[in-house]
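*Asks:* Need a 3D model of the following:
(chains A and B)
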Amino acid sequence: MSEAILDVRNITKTFAGVTALKNVDLKIDVGAIHCLVGENGSGKSTLIKIIGGVLQPDSGSVTINGVAYDSQNLRAIEAIRGGIQIIYQDLALFPNLSVVENISMNQMVEANDKLIKWKEAYEIAGQALSRIEEEIDLNEKVENLSMAKQQIVAITRALTQNARLVIMDEPTSAITREDVDHLFRVILRLKKMGIATLFVSHKLSEVFEIAEEVTVIRDGNKVGDYPAGELDNDKLTNLMTGRMIEYKPYFYQDTEPEKPNLLEVRNLQKSGQYEKISFTLRRGEILGITGLIGSGRTETALSLFGINPPDEGEIIIDGKPVVIHSTHDAIRHGIGYLPEDRLNQGLFQEHPITDNIVVTVLKRLLDKRGLINSEKRKTEGNRWIKELSIKTPSGENPANSLSGGNQQRVVLAKWLATNPKIFILDGPTIGIDIGSKSTIHDIIRRLAGEGMGIIMISDEIQEVLQNCNRVLVMYKGRLVREIPNAAEADEDDVFAAVSGTSGGV
Amino acid sequence: MLKNLFKSTESYLLIVLLAFIVVVGFINPKFFTIENLFDLLRSSSGMAILAMGFFIVLLSGGIDVSFTAIAISAQYIAVNSLIASGVDNLAVAFLIAVGVGIAAGAINAVFIGLFNVPTLITTLGTMSLFHGALLEFMGTKAVNTGGLPECFKTFGHFDILNLTRADGTEYGLSVFFLILVIVVVVTWFILKYTQIGRGVYAIGGNKEAAKRAGFNIPKIQFFIYMYVGLLAGIMGIMHVSLIRYSNPNYIVGSELGVIAAVVIGGTRITGGRGTILGTLVGVGLIVVLEKNLVLIGLSSYWHQFFIGLIIIIGVSITYLQNKIRSKKNLIFVRDT
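*Replies:* Below is the predicted model:
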């Protein structure tokens, strides 16, 4: 047995009577690349916070680098001194300060010198960066760096505090595929230095790419530890959700070939974002669009919804050319849009679920005096809560009382209430558990079956192949491939198109 | 270096200031005399010192509107204490004023740092509280030149450099300018070279990250608001020495001018970004504007109008820049 940098035993934590973690163990070897997976709400974040000393569990023990702590008394500063560094999704950097300060700040504060020794700060930052073989302009302000570079700054900062275990919470959710590869190389360099990484992710493919050991937790219980080599996608999904989820491909049959295209886009162009985009969408189709961040997929979708008007090109709906310059235009033409970032763009978090649903159709709920009829409001809200099986005791509860999957259904309901003909879903299942994912997919299929035209945008190739009848691939602002029959497509082939490495493009 | 200079907000501002000065100088050739420069420095040093304090608050992501109430309280209490005790000593006056200022700043900091009350609400409240308490407990009677202890008058006339006019009479550079230079250097040193100064930038940039990095945020906030109080105390004494008259209703009401100077100086209202040089140029702009409105044929009421305009425009620019940046990154919601 190799030596463990972290050994967590029998951790139990309850919040107001609800058990978040129950007798969970986690052991990470020195220099290991370990992955912690579990659905949202499974207790991953709670466990990380306990390891970092930010939360105190009800019982259990934490041993860091051979030193045993009564976990109820483990403080954040002790965890840091033991070599535990947690990089949260928000990175906790100072956007207004230079790279040198961001990297050296924690150490300077820890040393508690009254005066700042700039020369020393430059040395600390320069050395830390060269240790992981990275080069970033030390004088650049962090706000001017890309997300991926900011991440490197956060990792480098962790190194300055003698990290032995770096915990990364969903580090790949906001960066491009290329940057993910880069990040993985950095993690391998950390390993060479004997620094372990605990990688928390919900993207299964990445788990297999980087992890040596995988720990799965579900509903606050540990399911088990598995060598990554023994797992595959289906097996891991099964472990995370406790059930088998089977995908049936979506088959589409054009029942009204005489009717014009529901949507036709001709040579849509916006300088610096995308060029010469042409495609069609028919009633009942689920059209997938996939590509990397920056490939132009979201930009194109936003153009169709009027938020990001194109420079030139035509949009034709039901055979008639239309001009879409605002979301108002888009809604008038029967287009609905489910945004990628639903927390910010899709929901009034603190308002009742019902209000969130009816906000797009308030006009329909007015009585003669022009005021909102509370009866109509309630009926409309309850209708969608039932239709999409949103799990809540009452529509009057705030939206943020719901889980991620149910929140997503509220956003869906909001747009479905407008009765769109064309529904664009941008990353419909981002940050949603696998279990709820399939429910959302079922809803999308049902809507298409009822005659709606669906455009599903996702960077998960598997998701589009499994749920769409036709898939478009975008790369660097252009449509590079059309896959007419998604069910028969080869995933590796699509992956090559997405990353621009396939020939004949 | 030169390239950087042209990129910065301060350089644009400096150009505006210089252009403005040229226009004013064209209308009034007397403006270009050293005597006029010395005069401006004497009368505006106090404001520049207040601006240094407000600059630090804004940098930390806070707002302080109580500093004028603190300045007048410090002044009026110091003046009356000297009169009542019969001690005619400038050092004592400064000690009292600075003590009052720091204490008042500490009161702000208790609410802001310990109870986490929003800074604007806290200081709006304490502005009224400090000034109301001053008028109630210290009285409303102004102290005129005759009743003013000699030490203030001497201080107000003390020059560190004397020059002779053509007619043989003398004029000089006030000691106020020296005090301003000291305040600027000390503030610069604190911000650049002390842990607490970097902490001000850190909490202005990302308060949560500052907490996680191990900064003691309440401690930094106590420092910030007590430092503002200290500067307000110094300004209070300079003010009475300049105008040789202490009225408990003066200074209060001039805070918007200071705020405008700092905002137009390029310090972001959202915190974390700004420079001392920019702040000083901002003060210069406001002062030249104020002193020369009448000269270019506008009534002095326009001053109030322009101060408001400057604040609105200065703040709008920050938000517009944010909006443009968000649009580039395809973010269509307002970031906080």
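*Asks:* Enumerate the residues of chain B near chain A.
*Replies:* Contact residues of chain B with respect to chain A, defined by Cβ under 8 Å from any Cβ of the partner chain, are listed as B:192-198, B:201-202, B:204-206, B:208-210, B:212-215, B:271-273, B:330, B:332-333. For glycine as for every other residue, the C-beta is placed from the backbone atoms N, C-alpha and C.
*Asks:* Any of those buried? List them.
*Replies:* Neighbour-count burial within the residues of chain B next to chain A applies to B:194-198, B:201-202, B:204-206, B:209-210, B:212-215, B:271-273, B:330, B:332; the criterion is 16 or more other Cβ atoms under 10 Å in any protein chain shown.
*Asks:* sorry, back to before: of the residues of chain B next to chain A, which belong to helices?
*Replies:* In helices, defined here by DSSP state H, the members of the residues of chain B next to chain A are B:192-193, B:195-198, B:201-202, B:204-205, B:208-210, B:212.
*Asks:* Could you export those residues as JSON lines, including pLDDT and distance to B:Ile49?
*Replies:* JSON lines is the format used below for these (pLDDT from 0 to 100; distance: Cβ to Cβ, whole Å):
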{"residue": "B:Lys192", "pLDDT": "94", "distance to B:Ile49": "19"}
{"residue": "B:Tyr193", "pLDDT": "94", "distance to B:Ile49": "20"}
{"residue": "B:Gln195", "pLDDT": "93", "distance to B:Ile49": "24"}
{"residue": "B:Ile196", "pLDDT": "95", "distance to B:Ile49": "20"}
{"residue": "B:Gly197", "pLDDT": "95", "distance to B:Ile49": "18"}
{"residue": "B:Arg198", "pLDDT": "95", "distance to B:Ile49": "22"}
{"residue": "B:Tyr201", "pLDDT": "96", "distance to B:Ile49": "21"}
{"residue": "B:Ala202", "pLDDT": "95", "distance to B:Ile49": "25"}
{"residue": "B:Gly204", "pLDDT": "95", "distance to B:Ile49": "21"}
{"residue": "B:Gly205", "pLDDT": "93", "distance to B:Ile49": "25"}
{"residue": "B:Glu208", "pLDDT": "88", "distance to B:Ile49": "32"}
{"residue": "B:Ala209", "pLDDT": "89", "distance to B:Ile49": "31"}
{"residue": "B:Ala210", "pLDDT": "91", "distance to B:Ile49": "27"}
{"residue": "B:Arg212", "pLDDT": "83", "distance to B:Ile49": "34"}
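*Asks:* ok, which pair from those residues is furthest apart?
*Replies:* Comparing every pair within those by Cβ to Cβ identifies B:Tyr193 and B:Glu208 as the most remote, at 25.1 Å.
*Asks:* Run through the strands of the stretch 401-505 of chain A in chain order.
*Replies:* A:422-426, A:453-457, A:470-475, A:478-483 (DSSP state E, counting those that start in this stretch).
*Asks:* Just list what whatever helix or strand B:Ile313 lives in packs against, helices and strands only.
*Replies:* Counting by DSSP states H and E, the element that carries B:Ile313 is helix B:301-328. When contacts are defined as 3 or more Cβ pairs under 8 Å, 6 or more residues apart in numbering or on different chains; DSSP states H and E, helix B:301-328 packs onto helix B:255-264, helix B:276-292.
*Asks:* most tightly surrounded among the ones you listed?
*Replies:* Comparing the helices and strands packed on helix B:301-328 on average neighbours per residue, with mean count of other Cβ atoms under 10 Å in any protein chain shown, the densest one is helix B:255-264 at a mean of 25.
*Asks:* Contacts for that helix next, please.
*Replies:* In this structure, residues lying in contact with helix B:255-264 by Cβ atoms under 8 Å, 6 or more residues apart in numbering or on different chains are B:13, B:47, B:50-51, B:54-55, B:58, B:65, B:67-68, B:127, B:269, B:274, B:279, B:282-283, B:285-286, B:290, B:307-308, B:310-311, B:313-315.
*Asks:* got any ranges where the chain has weak pLDDT?
*Replies:* With no chain named, the answer covers chain A. Residues of chain A that meet the criterion pLDDT under 70 lie in A:1-2, A:41, A:71, A:244-246, A:341-345, A:431, A:433, A:502-505.
*Asks:* Sorry, I should have been clearer: chain B.
*Replies:* Scanning chain B for pLDDT under 70 picks out the ranges B:1-9, B:325-336.
*Asks:* can you map out the helices along it?
*Replies:* Using DSSP H, the helices of chain B run over B:2-7, B:9-27, B:34-59, B:67-85, B:90-109, B:119-138, B:150-157, B:175-193, B:195-205, B:207-212, B:217-243, B:255-264, B:276-292, B:301-328.
*Asks:* Pull the number of nearby residues for the residue nearest to B:Thr122 when sequence neighbours are not counted.
*Replies:* Counting by Cβ to Cβ, 6 or more residues apart in numbering or on different chains, the nearest residue to B:Thr122 once its immediate chain neighbours are dropped is B:Phe111, at 4.4 Å. Residues lying near B:Phe111 (other Cβ atoms under 10 Å in any protein chain shown) number 19.
*Asks:* just A:Leu129 next, same as before
*Replies:* Using other Cβ under 10 Å as the criterion, the residues surrounding A:Leu129 number 22.
*Asks:* Repeat that for A:Val323.
*Replies:* In terms of burial, A:Val323 registers 11 neighbours under the definition other Cβ under 10 Å.
*Asks:* Tell me who's in contact with the nearest residue to it once chain neighbours are set aside.
*Replies:* The spatially closest residue to A:Val323, leaving aside those adjacent along the chain, is A:Asp329, at 6.8 Å (Cβ to Cβ, 6+ apart). Residues near A:Asp329 by Cβ under 8 Å, 6+ apart: A:306, A:322-323.
*Asks:* from what I can see the residue nearest to B:Thr122 touches B:Pro118, true?
*Replies:* No: proximity of B:Phe111 to B:Pro118 does not meet the contact threshold set by Cβ atoms under 8 Å, at 9.3 Å.
*Asks:* ok, now how distant is A:Val37 from A:Gln151?
*Replies:* Spatial separation of A:Val37 from A:Gln151 under the definition Cβ to Cβ, to the nearest Å is 20 Å.
*Asks:* separation between the residue in the stretch 1-150 of chain B that chain A sits nearest to and B:Ile190?
*Replies:* When Cβ to the nearest Cβ is the measure, the stretch 1-150 of chain B has its nearest residue to chain A at B:Leu59, with 9.2 Å between them. In this view, B:Leu59 and B:Ile190 are 11 Å apart by Cβ to Cβ.
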